[in-house]
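**Student:** build the 3D model from these lines:
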Amino acid sequence: MRLSFWLKPVAAFLAASLPAACAGPQAPLALVAATADTASVATPADLYGDLFVQVQMRRIFPDGKTFVDAVPRREPAAILAAWRERDFDGDDAALRRFVLDNFDLPAADAQPTPSLVRRGPALPLESHIGALWAHLTKPPVVPERGSSALALPEPFVVPGGRFRELYYWDSYFTMLGLARDGRHDLIESMLADFTSLVDRFGHVPNGTRTYYVSRSQPPFLYLMAELSAEQDRAVLEARLAALRAEHDFWMRGADRLGDSAPAAARVVRMPDGALLNRYWDDRDTPRDESYREDVETAAESGRAAAEVYRHLRAGAESGWDFSSRWLADGRTLASIDTTNIVPVDLNSLLYGLESAIAERCWALGDTACGDRYARAAEARRVAIERWLWSEGEGRYGDWDIARGGIRPGVTAATLYPLFTGVIEGGPRADAVAAVVEASLLAPGGLRTTTVDTGQQWDAPNGWPPLQWIAVEGLRRTGHPELARAVADRFLGTVVRTYRETGKLVEKYDVEAVRPGGGGEYPLQDGFGWTNGVTRALIAEYGLPGE
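**Tutor:** Here you go, the predicted structure:
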């Protein structure tokens, strides 16, 4: 791993991470202090106030992510002063001209998003994926003043399309493909980036923008570290420290739990006293990048707006934004209640994180540390088996805090305990495999859920990361035939779409075997985790029919 980041002046590097309005002589210290209060990191909504609200609510740009990724051409205070001197009431064209005069928009927004084009691919699929790595690789980031971008010390791979920054859980699945293509340089540099983020913020943000800092995503950093061949002790110690800091982030709030407060931040006390976790966000305002959508959802809900915003943000932290998993009525987004749920995927990953920390502590000679995290992992495993298992349905699920039981509905999250080693096989793994085969296996791969709500993390969509989790979880617990069926069917969908369009896209309709749909934004191509999972599955199973 290149250690150039650690040789840079820390104060100068951290100063580049801050929005212009927050920069100053003491800025680096202020940002370090923000690791325990990520809601204090200034976002575009904080910097531009009513100007921001008007641009987003009047939909000056079709994609709410456009304005929050724009870079101001002068100090935000000067832009706001000019804004207050003008009257744009009802004149959207004039407001748009004002924004274009004062901000540089992201390059991808200078032209319309290209639609899927029917054409034959110029390269075999594997070669196409290999060629995409260079296209999706971005250099180190030193943000311009006032930008929402976060500084990053090393090159990294982005998903593609509107997702032009480094994302957390996406990156693990991207790295699977990088490993198969021998791009270990990018794996190491991305791990350096993630370690630097934990050092600054106390966790890995959802993505490398200021408006993502108040939340994380499913904790896959320990699995990324397992893809590395690094043996330098100093690097291994730094990564272990990052994993321990991430665990602290998820467990923050445990000291505030009690009979009258069974949940605090991301920690939940179960009925028997065991501690499990939920998704959360340190803010309870509309998401900057989906401001108008969130305001409209809150208005439709009839509930306190801040409550709805927190649930929407927590759903974004889950990575499943959005899904019937998080909907109290199982159908409508206005009923979202994500923070009322103890998710099986999150807790399975935290079991894996605790186990990985224990192993790394032991390997570095810290027996006390290893024993501590091993005990935490075992306590979590017992709690998952007790509270997140439905004996009657033969599946793992999400615990509903208010209702005191597992939420209805089979989802692909049921495979996470198999994937992270919560169980190694046996009757429960067999039961999960049977449920998956009966309810989730579709002609083109694994369904995300069994219901079609119009949300993108529901049927008929199948997502590349969930295909990998299913294949690996089934394979390692003694169900190789079903694992192969999932892999072959999903690869068949990817190949068919590639032959018809020349592209790999972020999600697929695994029932109709075509590109997927639904959600808050148009289908994106690129696409980091699709490239990674496809490349890894080809390495394991070959292309269908070969």
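
**Student:** make it CA atoms for all contacts and neighbour counts henceforth
**Tutor:** OK.

**Student:** mind showing which ranges of the chain have poor pLDDT?
**Tutor:** Counting by pLDDT under 70, the chain contains low-confidence ranges at 1-37, 108-121, 546.

**Student:** point me to the residue sitting farthest from the middle of it.
**Tutor:** What lies farthest from the middle of the chain is Glu85; by CA atoms, centre = their mean that is 40.0 Å.

**Student:** and the gap between that one and Gln54?
**Tutor:** Going from Glu85 to Gln54 by CA to CA, to the nearest Å gives 15 Å.

**Student:** again with Arg162
**Tutor:** Counting by CA to CA, the separation of Arg162 from Gln54 is 22 Å.

**Student:** Thr339 now?
**Tutor:** 29 Å.

**Student:** higher neighbour count, those two?
**Tutor:** Thr339 (27 against 17; other CA atoms under 10 Å).

**Student:** so what's Met251 up against?
**Tutor:** Residues near Met251 by CA atoms under 8 Å, 6 or more residues apart in numbering: Arg266, Val267, Asn277.

**Student:** can you pick the most crowded of these?
**Tutor:** Using other CA under 10 Å as the neighbour test, those are led by Asn277, with 25 neighbours.

**Student:** any idea what that one is bridged to?
**Tutor:** Under DSSP bridges, the beta-bridge partners of Asn277 are Val267.

**Student:** tell me the secondary structure for Arg499?
**Tutor:** For Arg499, the assignment made with DSSP: H, G, I helix; E, B strand; the rest coil gives helix.

**Student:** count of neighbours near it?
**Tutor:** Using other CA under 10 Å, Arg499 is surrounded by 18 other residues.

**Student:** ditto for Glu293
**Tutor:** A total of 15 residues lie near Glu293 under the criterion other CA under 10 Å.

**Student:** so that it lines up with my notes, have the first residue be 29 from now on.
**Tutor:** Will do, 29 is the new start, and the previous item becomes Glu321.

**Student:** mind listing what's buried along the strand or helix carrying it?
**Tutor:** Per DSSP states H and E: Glu321 is located in helix 319-329. In terms of neighbour count (16 or more other CA atoms under 10 Å), helix 319-329 has its buried residues at Tyr319, Arg320, Asp322, Val323, Thr325, Ala326.

**Student:** pretty sure the first one sits against Met85.
**Tutor:** Looking back up the chat, that one is Tyr319. Yes: Tyr319 lies in contact with Met85 (CA atoms under 8 Å); the separation is 7.3 Å.

**Student:** now do the residue lying closest to Ala386 once chain neighbours are set aside against Glu254, distance only.
**Tutor:** Of all residues not flanking Ala386 in the chain, Gly398 sits nearest, at 3.9 Å (CA to CA, 6 or more residues apart in numbering). Gly398 sits 17 Å away from Glu254, taking CA to CA as the criterion.

**Student:** and the helices in the stretch 229-378 of the chain, which stretches?
**Tutor:** For the stretch 229-378 of the chain, the helices defined by DSSP state H, counting those that start in this stretch cover 249-253, 261-279, 319-329, 333-346, 372-391.

**Student:** how far away is Asp349 from Leu361?
**Tutor:** 10 Å.

**Student:** neighbour-wise, which of the two wins?
**Tutor:** Per other CA under 10 Å, whichever of Asp349 and Leu361 has more neighbours is Leu361, with 24 against 20.

**Student:** which residues touch the residue nearest to Ser418 when sequence neighbours are not counted?
**Tutor:** Leaving out its chain neighbours, the residue that sits closest to Ser418 by CA to CA, 6+ apart is Tyr424, at 6.0 Å. For Tyr424, the contact set (CA under 8 Å, 6+ apart) comprises Val372, Leu416, Trp417, Ser418, Ala441, Thr442, Leu443, Pro445, Val460.

**Student:** ok, of those, which come out buried?
**Tutor:** Buried subset of those (neighbour count, 16+ other CA under 10 Å): Val372, Leu416, Trp417, Ser418, Ala441, Thr442, Leu443, Pro445, Val460.

**Student:** list phi and psi for the fifth one.
**Tutor:** Phi and psi for Ala441, reported as degrees, to the nearest 10, are phi -60, psi -20.

**Student:** now the third one
**Tutor:** Here the main-chain torsion angles of Trp417 (degrees, to the nearest 10) amount to phi -110, psi 130.

**Student:** surely it meets Arg435?
**Tutor:** No: the pair Trp417 / Arg435 is not scored as a contact, 10.8 Å apart, by CA under 8 Å.

**Student:** shared neighbours, these two?
**Tutor:** Taking CA under 8 Å, 6+ apart as the criterion, Trp417 and Arg435 both touch Gly425.

**Student:** which residue sits closest to Ala342 in space, ignoring its chain neighbours?
**Tutor:** Leaving aside its chain neighbours, Ala342 sits nearest to Trp308 (4.3 Å; criterion: CA to CA, 6+ apart).

**Student:** that neighbour: neighbour count?
**Tutor:** 28.

**Student:** do Arg563 as well
**Tutor:** Using other CA under 10 Å, Arg563 is surrounded by 26 other residues.

**Student:** what segments of the stretch 379-528 of the chain are helices?
**Tutor:** 395-415, 444-448, 455-463, 492-504, 508-529.

**Student:** let's have those in TSV, adding distance to Glu216.
**Tutor:** Listed next are the helices of the stretch 379-528 of the chain as TSV, based on distance: least, CA to CA, whole Å:
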stretch	distance to Glu216
helix 395-415	25
helix 444-448	22
helix 455-463	34
helix 492-504	21
helix 508-529	27
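
**Student:** how close does Ile171 get to Phe229?
**Tutor:** You called it Ile, but residue 171 is Pro. 17 Å.

**Student:** so those two - more neighbours on which side?
**Tutor:** Phe229 (23 against 20).

**Student:** do I have it right that the more buried one meets Thr66?
**Tutor:** Yes: with contact defined as CA under 8 Å, Phe229 counts as touching Thr66 (7.0 Å).

**Student:** so what sits against both of those two?
**Tutor:** Taking CA under 8 Å, 6+ apart as the contact rule, Phe229 and Thr66 both touch Val241.

**Student:** can you tell me how far Gly547 sits from Gln84?
**Tutor:** Taken as CA to CA, the span from Gly547 to Gln84 is 18 Å.

**Student:** what about the two, which has more around it?
**Tutor:** When Gly547 and Gln84 are compared for neighbours, Gln84 comes out ahead with 25 against 16, by other CA under 10 Å.

**Student:** does the more buried one really touch Gly92, like I thought?
**Tutor:** Yes: here Gln84 reaches Gly92: they are 6.3 Å apart, a contact under CA under 8 Å.

**Student:** got any residues that touch both of these two?
**Tutor:** Common contacts of Gln84 and Gly92, defined by CA under 8 Å, 6+ apart, comprise Tyr319, Arg320.

**Student:** give me the phi and psi for Tyr437.
**Tutor:** Rather than Tyr, residue 437 is Gly. phi 100, psi 130.

**Student:** how about it, what does it touch?
**Tutor:** Arg353, Thr477, Thr478.

**Student:** between the residues you listed, which sits nearest Ile157?
**Tutor:** Nearest to Ile157 among these is Thr477, at 28.1 Å by CA to CA.

**Student:** report how many residues lie close to Asp200.
**Tutor:** No Asp there; residue 200 is Tyr. Around Tyr200 there are 26 other residues, counting by other CA under 10 Å.
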